[in-house]
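# fold the following, please.
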Amino acid sequence: MQFDTKIAVVIRTDLEPWQKLNVASFLAGGVAAAFPECIGAPYQDGSGTLYLSLIGQPILIYGADRPQLSRALERALARNVKPALYTEDMFKTTHDAANRDVVKAVIRAELDLVGLAMRAERKIIDKIVDGLKFHN
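Have a look, this model is predicted:
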């Protein structure tokens, strides 16, 4: 199935494995919150046990270094795509309000990005992530 939109997550490649998974999880939640229409129906197994819904389209995960993340952010904003973001400082906090505070304390050009996620038309996402490779 071909979707009109694409979901991309860009994760800084020099993070610890647990950090990469943590960042990807938080960022996917940001996409789900902003685009509830991308959530599929709940799951049910053959025994009748119900499970939560998932995002109903593939999420492409790219690797990037710091400059590539900054470039992807600027490309997204230039195309009116509002991304979810995760910064290095957010690893030091313990709750959502504190996360927002550490982001607000830094101007965009100085954000120490570790991850971005966005959902937009396929061609727009392709331009934003141009030059990035899938995360390995």
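# quick one, longest helix in the protein?
Identified as the longest helix of the chain according to DSSP state H is helix 17-34.
# isn't Gly56 right next to Pro42, touching?
No. In this structure, Gly56 is not within contact of Pro42 by C-beta atoms under 8 Å, at 11.2 Å. In short, each C-beta sits where N, CA and C put it, glycine included.
# which regions of the chain sit below the pLDDT cut-off?
Applying pLDDT under 70 to the chain picks out no residues at all.
# most distant residue from the centre of it?
Here the centre of the chain is the reference, and by C-alpha atoms, centre = their mean the most remote residue is Ser47, at 33.7 Å.
# secondary structure element for it?
For Ser47, there is no enclosing helix or strand under DSSP states H and E.
# start at 17 instead
That works, and once the first residue is 17, the last one we named lands at Ser63.
# now do the phi/psi pair for it.
Ser63 adopts backbone torsions of phi -90, psi 0, taken as degrees, to the nearest 10.
# that one and Gly56, how far apart?
Going from Ser63 to Gly56 by C-beta to C-beta, to the nearest Å gives 20 Å.
# do Asp117 as well
In this view, Asp117 and Gly56 are 33 Å apart by C-beta to C-beta.
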